[in-house]
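Colleague: Got a predicted model here, sequence first, then my questions.
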Amino acid sequence: MMDPLLVDRAAGVVTLTMNRPDAMNALDVPLKEALRDTLASLATDASVRAVVLTGAGTRAFCVGQDLREHVGFLRNGDETPLRTVAEHYNPIALTLATLPVPVIAAVRGAAAGAGASLALLSDFRIGGPSTSLLMAFAKVGLAGDTGASWILPRLVGHAKAVELLMLAKPVRAGVALELGLLTRLVDDDEAVLPAAQELAAQLAEGPTRAYAAIKRELVEGAAGSLAQALAVEAEAQADCGSTADHREGTFAFVEKRPPAYSGA
């Protein structure tokens, strides 16, 4: 039996591969549990400096909830068939969005439903010619989950988020790039994962404590007033100002040499 989630480590970059290619990497319970628990462990692992999230094969990044599994719950009279939202999707989304390191989604093929949400919650999203995103929830009579209602308006605005969620039509690669749903579009689907890993390696050599603070500022600061955002920034700068990376970056700039960041 294949592992539902493959974990590869190389020079501070962790690549997570959702490994159900025959099911287009649909999220069944074993895969959701593996994602939830692995992300939680990465969040406290000081050796991790960047994360790449992808799906096995080139047909799909992840098509969301495994509906065959879900139909089984419905037919068996499960009284809480959507308890997976609280048990799996919510903790996965929260941990992914708040990981203290950069997260790059290598989106090959289709990303739908919760799979699209996972891609959009990543800090960077790289796609190829076959990439498409679909907020598929309404197609099966459901509202959005896995952070879709939070991240979509931030990326495309309220009106476009309403359109994407309610009309549930696929967004092809070129349009996704124009809307900001993709960060970068490469010419070949086979180049998507290498491009994501190259970016991850670049970020892994950067000031990761500063990256973590920037992510915290964007999540916490945007939720309140200007005064609250300024308070978050002051706290973040005080934290970053005490790091070895700040000293190294400053001295390197003045000395006109490349900085050697350690993440400390």
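Modeller: Looks like it arrived, so ask away. Numbering: from 1, shown residues only.
Colleague: Run a quick neighbour tally on residue 10.
Modeller: Neighbours of residue 10 under the rule other Cβ atoms under 10 Å: 12. All C-beta atoms are positioned from the backbone trio N, CA, C, and that covers glycine.
Colleague: do the same with residue 165
Modeller: Neighbours of residue 165 (other Cβ under 10 Å): 18.
Colleague: How about the one 10 residues further on?
Modeller: Counted with other Cβ under 10 Å, the neighbours of residue 175 add up to 13.
Colleague: could you say which helix or strand contains it?
Modeller: helix 173-179 (DSSP states H and E).
Colleague: Following the chain past that helix, name the next helix or strand.
Modeller: Using DSSP H and E, the first helix or strand after helix 173-179 is strand 184-185.
Colleague: can you pull the contacts of the closest residue to residue 221 other than its chain neighbours?
Modeller: With Cβ to Cβ, 6 or more residues apart in numbering as the criterion, residue 221 has its nearest non-adjacent residue at 3.6 Å, and that residue is residue 229. When contacts are counted by Cβ atoms under 8 Å, 6 or more residues apart in numbering, residue 229 touches 217, 221-222.
Colleague: now these as TSV including neighbour count and pLDDT?
Modeller: Formatted as TSV, the contacts of residue 229 follow (neighbours: other Cβ atoms under 10 Å; pLDDT from 0 to 100):
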residue	neighbour count	pLDDT
217	16	93
221	17	79
222	11	76
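Colleague: Pull up the distance across stretch 53-63, start to finish.
Modeller: This stretch, stretch 53-63, spans 14 Å end to end (Cα to Cα, to the nearest Å).
Colleague: what's the answer for stretch 9-17, then?
Modeller: By Cα to Cα, the extent of stretch 9-17 from end to end equals 12 Å.
Colleague: what does that stretch contact?
Modeller: For stretch 9-17, contacts defined as Cβ under 8 Å, 6+ apart pick out 5-8, 35, 38-39, 42, 47-56, 197, 200-201, 204.
Colleague: out of these, which are inside strands?
Modeller: 5-8, 50-55 (DSSP state E).
Colleague: list the buried ones in the longest helix belonging to the chain?
Modeller: Determined from DSSP state H, the single longest helix within the chain is helix 226-241. Buried residues in helix 226-241, counted by 16 or more other Cβ atoms under 10 Å: 229, 232-233, 236, 240.
Colleague: Find out how far it is from the centre of the chain, if you would.
Modeller: 24 Å (Cα atoms, centre = their mean, to the nearest Å).
Colleague: now the strands for the stretch 101-250 of the chain?
Modeller: Taking DSSP state E, counting those that start in this stretch to define them, one finds strands in the stretch 101-250 of the chain at 103-107, 110-112, 124-127, 132-134, 171-172, 184-185.
Colleague: Same list (those strands) but as CSV, adding mean neighbour count.
Modeller: Formatted as CSV, the strands of the stretch 101-250 of the chain follow (neighbours: other Cβ atoms under 10 Å):
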stretch, mean neighbour count
strand 103-107, 30
strand 110-112, 28
strand 124-127, 26
strand 132-134, 22
strand 171-172, 18
strand 184-185, 17
